[in-house]
Each structure stands twice: as C-alpha cells, then as structure tokens.
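Asker: Need the 3D shape of this:
(one chain, ligands or ions: 3)
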Amino acid sequence: MSNSVAPTPGAAVSQDRQWDRLMQMAEIGAIPGEGVNRACLTPLDREARRLLIGWAQAIGLSVSVDPIGNLFLRHEGSDPEAAPVLTGSHMDTQPNGGRFDGIWGVIAGLEAVQAIRESGTPIQRPIEIVAWTNEEGGRFAPGCMGSMAWSGDKPANTWDAVTDPQGVTFKQALLEHQQAEADLPRRTLGPAAGGPKPAFYLEAHIEQGPRLEAEEMDIGVVTGIQGSRWFVVELRGETAHAGTAPLGLRKDAVQDMIRAITALNALMTDPQDVLRFTVGRIEVSPNTSNSVADLVRFTIDFRHPDKDVLLMNGDAVENTVRGAVKHCEVTVTERFHALPVEFDAVVQNAVEDAATAQGLKTLRLPSGAFHDAQFMVPICPTGMLFVPCRKGISHNPAEYSSPEQLAAGARVLAAALAELANR
Ligand code: GLV
Ligand code: MN
Ligand code: MN
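Answerer: Ligands and ions are numbered 1, 2, ... in the order given. Predicted coordinates:
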C-alpha cells in the first residue's frame, strides 16, 4: 500500500511508543523492585509533567493548568465551540507504587489523541487529556483533590491546611508548584468556576483487581465505583515509664488503639466479603520501646458498593471507637466521603462497541478503587475502561500490565473517544 496513513484511530495506536513513554515516566521516581514513588506537587511530579508536556506540544496539542494544578492538553475538533470530550487520569503514585496506576490513563489519552490525529479521523468536538492533581492522597490526604475541586464537589481551598508527613501544607506545596509552572498558560477551574461542562468523560486505568486476567478478558467496561469513606482517629493518653508505671494507672494510647480496632473489626465484619476495611497508617508518639504511648493516630479506609451500608457503618465509626476506648481522649475526623456512582450507559456502550469491533473480549465490572471519574459523574456522562493487570496486584511495585494489553486498551480508548467526539 502506498498510503501510509492508518485508516482508523485504533490502527494508528503504537504499542511501542506507548510502552516507551510509560517506561520513561517510570524512571521519574523509580524505586527498587520496578516501583515508582512520585508524590504530587514535588519536583519529580513536575519533571514528569514537563516530559508529558513536551510530547504533547510536539504533536501540536495546547497546554494549560488550572488553579489546583490540573493539567490539560487539548486537541481541537472541527467545532472549537463544542463541549469537549475529556479523558485522562493522574500522574502521582503511592509511596510504594507501581508503573501503571494513573499514569497509564494519561499516556493512553495521549496515545489515543495522537492516533486520532495521525489517522486523519475527522472529529467535531475537542478532546482534552487531563492529569488530575493528587488522586492518590499519599502525600496529602485525601485523594482526588484535583477532580473534587474542578467538579465543584468541594471548594479548591478546602485542603489548604492539610500537611504532608514533613509538615508542609498543601497550600504551600501548591504555591511552589504554581511558581515552577508560571510559564504555562492558565485556565479556570471547571464547572465549579462557571466553566463549560465537558460532553463526556472517559478514563482508562489498569483494573487493580484480578477479574479480567482470571476470566481471560481484554477490556473491562466499568459499570460504576463503590463508595469510600476515610477517617483519622486520634487517641490522646499519657506517657509514662515502661518499667515502673503500674498497668492499672496507665493511659496507654496503643492499648486503646487495639481496643478501638478490635471493635471496628467487629463493626465491619461481612460474611459476604464485599465490605473493605483497612487501617493502613499508624503514628505512635513518643514511639520508643520503654515509654507508654501518649498519642496514637490511625487511618480508616472503608468502602462498600451499597450506599446504605456505607452511610450506616461509616456513621457508626465514631461511636464504636468511643465505646471501645478506656482511657484516652478521642477525636474522629472524616477526611473523604465519596458515595457509590454508576456510569453512563452511552459511555459504557461506546467502550464495549469499540472493543467488540476490534475483536476484543469484554467484561462489565464495577471498580473497587476510587478514581477521579467518581467526581465527574454529576458533571457529564462518564465512564471508564480497564485493562487486566497481573494477579490484580496494584499499589505495589510489582504492578504489571503487558505492552500488548495496554496497547489494546489504548486502541479501544482511541475508537471510543473518536465516537464520543462526534456525538
Ligand atoms: C485509589 O488509589 C484508591 O485508593 O482507590
Ligand atoms: Mn489510580
Ligand atoms: Mn492508586
């Protein structure tokens, strides 16, 4: 064939180019075991964003950032006034994260748009690729700050006083970040600031669970996301000498933490194993072997697909802790409250049809992980597509999806975006 232009966006997706970009990104914040630690609003985050911006500018996309650091790369359609189709994900990682969670959705968005351009596919709506700020919540809790602020779920200054483990506030880190990116064109927040609503939002992500691989499926058509609630429990007791203070006189914060977590485990018992309950971070003070702890802070991550269970058990957390603790003063603070969402049928069908047309096997499934897409549901018709990942492992350096699996995902994304951009 003399014509070198690929006829469809799917066919113009380059497996090697996408994989090479992912591997270049994985070097920024690389940790042993092929993992990545790239916290939001850090110099590493900015280095990754500059790399992405370079690729986007090289193919003619326009770049802009909003006041909370969400980064947008825009491809024009034939009607610049039309509401855009939005795609993307996040570039930050867990402290002990992998090479694909989040970043693949951004790189796949770029690959899909590049394929649409190179195939000469006519589209009416603009397509914008977004990299949301702080999806993980690993440095500043909670996650999804960028999408919550953009969608108007919370005002953008909600988290100003939140600190990272070094005591840096989110406000300070964001200011530093904005200064380092002062050369980039600015845009306003989204509908929260009166900006236009996108026509559709479609996010690509690795599954982070075992089903697609186990059932030998290529593409997950995501039906919705379960609800999540995060809490911080603070227990204040009194420090004392470990060798001398009688047990009966102590106000031992560690012992009260054990009572509290035991009671919470009872509250969260679910014979069906649908409910998810995690205590993932514990801070103890003074954190020394021979002193009684006077302060414990621990986190709760609680998830359920049923709104009623999410509300009932979540609302019972504080009283459960208070009822179990014997000696300490108790403070319980809720930091994240995301209700379960269902995705739009049009977006789900666009993903399913694109996959089926390419001979790929699909499975409809809900997401156990939260995603920025959760906060787009009230804004516009929203959906997600998943690709399999090895053994479902995620939030772990061992996270892995193959170049072939990721290329299939990008091909489906490209075709679905082109379809939605002409609706
Ligand atoms: C996202 O990273 C989540 O914890 O679900
Ligand atoms: Mn993610
Ligand atoms: Mn994650």
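
Asker: Per-residue confidence, residue 191, what does it come out as?
Answerer: We have a pLDDT of 89 for residue 191.

Asker: contacting residues for it?
Answerer: Residue 191 makes contacts with 150, 151, 152, 197, 379, as judged by C-beta atoms under 8 Å, 6 or more residues apart in numbering. Backbone N, C-alpha and C define where each C-beta goes, glycine included.

Asker: Now it. Nearest residue, chain neighbours left out?
Answerer: Nearest-residue entry for residue 191: residue 197, 5.0 Å, with adjacent residues in sequence omitted and distances by C-beta to C-beta, 6 or more residues apart in numbering.

Asker: And the pLDDT at the one you found?
Answerer: With respect to pLDDT, residue 197 has a value of 95.

Asker: Pull out the buried residues from the contacts of residue 191.
Answerer: Buried residues within these, counting neighbours by 16 or more other C-beta atoms under 10 Å: 150, 151, 152, 379.

Asker: Run through the chain and note the low-pLDDT ranges.
Answerer: Applying pLDDT under 70 to the chain flags the ranges 1-6.

Asker: just checking, the residue nearest to residue 191 touches residue 152?
Answerer: No: applying C-beta atoms under 8 Å, one finds residue 197 not in contact with residue 152, separated by 10.5 Å.

Asker: Quickly list what's touching both of those two.
Answerer: The contact sets of residue 197 and residue 152 overlap at 190, 191 (C-beta under 8 Å, 6+ apart).

Asker: name the element the residue in the stretch 151-300 of the chain that ligand 1 sits nearest to belongs to?
Answerer: Proximity of the stretch 151-300 of the chain to ligand 1 (C-beta to the nearest ligand atom) peaks at residue 228, 6.8 Å away. Under the criterion of DSSP states H and E, residue 228 resides in strand 227-236.

Asker: ditto for residue 53
Answerer: Element membership for residue 53 (DSSP H and E) is helix 43-58.

Asker: Can you tell me how far the residue lying farthest from the centre of the chain is from residue 293?
Answerer: Here the chain reaches farthest from its C-alpha mean at residue 244, the gap being 47.9 Å by C-alpha atoms, centre = their mean. In this view, residue 244 and residue 293 are 16 Å apart by C-beta to C-beta, to the nearest Å.

Asker: Please apply the same query to residue 305.
Answerer: Relative to residue 293, and taking C-beta to C-beta, residue 305 is found at 36 Å.

Asker: With residue 240 instead?
Answerer: Counting by C-beta to C-beta - residue 240 and residue 293 are separated by 10 Å.

Asker: neighbour count winner among these two?
Answerer: Under the criterion of other C-beta atoms under 10 Å, the comparison of residue 240 against residue 293 puts residue 293 first, with 26 against 17.

Asker: Just confirm the more buried one is within a strand.
Answerer: No: checked against DSSP: H, G, I helix; E, B strand; the rest coil, residue 293 lies outside a strand; its state is coil.

Asker: and it, what is it in contact with?
Answerer: 237, 239, 252, 253, 254, 284, 285, 286, 287.

Asker: Kind regards, and thank you for your time.
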